[in-house]
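Enquirer: pasting a predicted model and its sequence here:
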Amino acid sequence: PECPSITLTPFTMSLCAHSSIVQSLMCHRQGGESEAFARRAIESLVRKLKERKDELHSLLAAVTTSGAHPSNCVTIQRTLDGRLQVAGRKGLPHVIYARLWRWPDLHKNELQHATFCRFAFALKRDGVCVNPYHYERVVHPSHPNTPITTHNPPNSTRHTPNSTHHTPTLPMTTHHTPNSTSGALPPPSVRVSPPPGPEFWCSIAYFELDVPVGEPFKVPSRCPAVVVDGYMDPAGGQRFCLGRLSNVRRTAASERARLHIGKGVRLERRGEGDVWLRCRGHHAVFVQSYYLDREAGRAPGDAVHKIYPGAYIKVFDLRQCHRQLQQHAATARAAAAAQAAAVVGAIPGPGSVGGIAPAMGLAAAAALGVDDLRRLCILRLSFVKGWGPDYPRRSITHTPCWVEVLLHRALQLLDEVLHAMPPPPAAGPPR
């Protein structure tokens with residue numbers, strides 16, 4: 001069942017509230033660990049804190065606001081060797097949770113506790129504070145943040161930009177019950193690089209039903225954030241005002257919905273191309289996001305995520321997108337080659353598709369096109385009204401007002417992936 005709000009009382013520490021708390025904390029992880037490990041670590045911590053609602057509240061406040069406000073110690077019992085075991089792995093507890101929520105590339109000797117932390121690991125008390133915002137990182141110069149590159153250097157590593165100064169965040173709520181999955185993608189064999197970046201980091205197109213309205217709004221790369229609202233001021237580099245756009249075919253439903261866009265949303269680019277969204281208005285917005293699908297354990301494109309007023313959440317991950325682009329492109333190429341081989345009888349057995357899982361479907365895999373890959377580089381967002389299986393509107397083109405956000409760095413990576421793909425091998429002669 002859906003638990004849109006969490007009130008920490010003994011009664012509400014039920015399975016429903018437990019799942020909601022875990023999912024809320026999962027939404028703020030930084031991506032350095034696999035989803036399965038992160039979920040196990042978070043579930044373990046929430047269980048340990050279920051009888052101490054004040055400390056659980058401190059944990060939620062610290063993580064979901066990215067440490068914007070002071071919070072108390074969040075303690076667990078110190079073990080004999082000082083390490084915590086999660087999913088068969090042992091590590092220092094304060095390091096495990098600092099990696100989950102702040103620095104995914106953290107090394108165990110890089111943490112220094114704040115002076116106000118009364119249960120810091122180094123103090124060797126019976127309880128160990130695992131509040132990630134009670135520690136600061138002493139960064140070693142040999143571990144810089146690494147951008148994405150499409151080259152293949154040896155021993156490449158994956159890093160996520162430091163998140164010490166995040167804007168306050170609130171948990172995401174969705175109409176769908178997340179399914180826990182352990183199918184995290186392996187780290188890529190490439191690191192993503194700063195090539196010459198695109199001049200504009202995104203383009204925003206506005207629609208009413210299936211009608212495009214006005215010209216796409218391009219956000220310069222020098223502006224890391226843009227506000228999309230319902231007001232009338234002329235749009236500048238950091239603000240796209242939908243209220244000033246006219247449409248001779250505007251319906252009454254669109255007219256009513258536009259009155260409630262208000263302060264709208266703020267889209268913020270972090271690092272090379274990750275995107276965070278803040279809902280600034282008084283009404284929820286509905287987002288189609290492959291990143292949130294994965295975080296909620298849903299199939300790509302299977303869910304529409306309701307983002308409540310005040311919420312601030314990550315909606316796009318450039319590294320995840322790059323991995324998906326590479327995998328889908330390689331799968332489509334292999335399927336096309338296998339299909340060509342099947343035509344001339346070069347495939348040895350029924351159902352065999354040359355290394356592609358039979359469940360994928362040969363024709364379906366081969367039918368993957370550039371448009372399918374391009375969808376991975378796009379966010380879609382509807383104001384006020386939702387769509388999908390839980391709503392009478394089956395498609396976003398049935399909602400009164402919505403925007404499509406094209407992410408230019410992701411599209412640049414797609415172009416590089418397509419150019420790097422060798423042509424499929426010619427099928428051999430029939431046997």
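Expert: Alright, I've got the coordinates.
Enquirer: please enumerate the helices of the stretch 301-431 of the chain.
Expert: Using DSSP state H, counting those that start in this stretch, the helices of the stretch 301-431 of the chain run over residues 318-343, 362-366, 370-374, 408-420.
Enquirer: residues near Ala225, how many?
Expert: Applying other CB atoms under 10 Å, we find 17 residues neighbouring Ala225. The C-beta positions use only the backbone N, C-alpha and C, and glycine is treated the same way.
Enquirer: wait, doesn't it sit right on Val275?
Expert: No: contact status for Ala225 versus Val275: not in contact, 9.9 Å apart, counting by CB atoms under 8 Å.
Enquirer: what's the overlap in contacts for those two?
Expert: Leu267, Glu268, Arg269 (CB atoms under 8 Å, 6 or more residues apart in numbering).
Enquirer: wait, what's in contact with the first one?
Expert: In this case it means Leu267. The contact partners of Leu267, by CB under 8 Å, 6+ apart, come to Cys202, Ala225, Val226, Val227, Val228, Val275, Trp276, Leu277, Val405.
Enquirer: assess the claim that the fifth one and Ile204 are in contact.
Expert: Yes: counting by CB under 8 Å, Val228 does reach Ile204; the two are 6.3 Å apart.
Enquirer: between these two, who's got more neighbours?
Expert: More neighbours surround Val228 than the other of Val228 and Ile204, with 26 against 20 (other CB under 10 Å).
Enquirer: next SSE downstream of the helix or strand where that one lies?
Expert: Element membership for Val228, per DSSP states H and E: strand 225-229. Later in the chain than strand 225-229, the nearest helix or strand by DSSP H and E is strand 239-241.
Enquirer: could I get the average pLDDT for that next one?
Expert: Strand 239-241 comes out with an average pLDDT of 92.
Enquirer: go on, stretch 104-122?
Expert: Computed over stretch 104-122, the average pLDDT equals 85.
Enquirer: buried residues in it?
Expert: Buried residues in stretch 104-122, counted by 16 or more other CB atoms under 10 Å: Pro104, Asp105, Leu106, Glu110, Leu111, His113, Cys117, Phe119, Ala120, Phe121.
Enquirer: first-to-last residue distance for stretch 391-407?
Expert: 27 Å (CA to CA, to the nearest Å).
Enquirer: let me have the helices of the stretch 301-431 of the chain in a markdown table, extended by mean pLDDT.
Expert: As requested, the helices of the stretch 301-431 of the chain are arranged in a markdown table below (pLDDT from 0 to 100):
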| stretch | mean pLDDT |
| --- | --- |
| helix 318-343 | 78 |
| helix 362-366 | 52 |
| helix 370-374 | 85 |
| helix 408-420 | 89 |
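Enquirer: so who does Ser382 touch?
Expert: Ser382 neighbours (CB under 8 Å, 6+ apart): Val285, Phe286, Val287, Ile396, Thr399, Cys401, Trp402.
Enquirer: tell me what it is bridged to.
Expert: Taking DSSP bridges as the rule, Ser382 bridges to Phe286, Trp402.
Enquirer: what ranges do the helices span in the stretch 151-300 of the chain?
Expert: Counting by DSSP H, counting those that start in this stretch, the stretch 151-300 of the chain has helices at residues 252-258, 290-295.
Enquirer: mean neighbour count, the ones you listed: which tops it?
Expert: Looking across the helices of the stretch 151-300 of the chain with neighbours counted as mean count of other CB atoms under 10 Å, the highest average goes to helix 290-295: a mean of 23.
Enquirer: that one packs against which elements?
Expert: With contacts taken as 3 or more CB pairs under 8 Å, 6 or more residues apart in numbering; DSSP states H and E, helix 290-295 sits against strand 312-316, helix 318-343.
Enquirer: pLDDT averaged over it, what's the number?
Expert: 86.
Enquirer: can you check stretch 386-401 too?
Expert: Across stretch 386-401, the per-residue pLDDT values average to 91.
Enquirer: can I get the contacts of Leu267 in JSON lines including distance to Phe240 and pLDDT?
Expert: Converted to JSON lines, these look like this (distance: CB to CB, whole Å; pLDDT from 0 to 100):
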{"residue": "Cys202", "distance to Phe240": "10", "pLDDT": "95"}
{"residue": "Ala225", "distance to Phe240": "12", "pLDDT": "93"}
{"residue": "Val226", "distance to Phe240": "6", "pLDDT": "94"}
{"residue": "Val227", "distance to Phe240": "7", "pLDDT": "94"}
{"residue": "Val228", "distance to Phe240": "5", "pLDDT": "95"}
{"residue": "Val275", "distance to Phe240": "15", "pLDDT": "95"}
{"residue": "Trp276", "distance to Phe240": "17", "pLDDT": "94"}
{"residue": "Leu277", "distance to Phe240": "14", "pLDDT": "94"}
{"residue": "Val405", "distance to Phe240": "10", "pLDDT": "97"}
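Enquirer: most surrounded residue in these?
Expert: Going by other CB under 10 Å, Cys202 tops the contacts of Leu267 with 28 neighbours.
Enquirer: partner residues bridging that residue?
Expert: Cys202 forms beta bridges with Val219, Leu407, as assigned by DSSP bridges.
Enquirer: same question for the one 4 residues further on.
Expert: When bridges are called by DSSP bridges, Tyr206 pairs up with Val213, Val403.
Enquirer: what's the pLDDT at it?
Expert: At Tyr206, the pLDDT value in this model is 97.
Enquirer: how near is the nearest residue to Val304 once chain neighbours are set aside to Tyr290?
Expert: Nearest residue to Val304, sequence neighbours excluded (CB to CB, 6 or more residues apart in numbering): Gly388, at 3.9 Å. Note on Gly388: its distance to Tyr290, by CB to CB, to the nearest Å, is 15 Å.
Enquirer: kindly report the same for Ile76.
Expert: Applying CB to CB, the value for Ile76 to Tyr290 is 34 Å.
Enquirer: then His328?
Expert: His328 is 11 Å from Tyr290, where distance means CB to CB.
Enquirer: any shared contact partners between these two?
Expert: Residues within reach of His328 and of Tyr290 at once, by CB under 8 Å, 6+ apart, are Leu376.
Enquirer: could you export the shared contacts of Ala225 and Val275 as TSV, including pLDDT and distance to Ser221?
Expert: Formatted as TSV, those follow (pLDDT from 0 to 100; distance: CB to CB, whole Å):
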residue	pLDDT	distance to Ser221
Leu267	96	13
Glu268	95	13
Arg269	95	8
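Enquirer: if you look at these, which of them are in strands?
Expert: In this view, the shared contacts of Ala225 and Val275 that belong to strands under DSSP state E are Leu267, Glu268, Arg269.
Enquirer: thanks a lot, catch you later.
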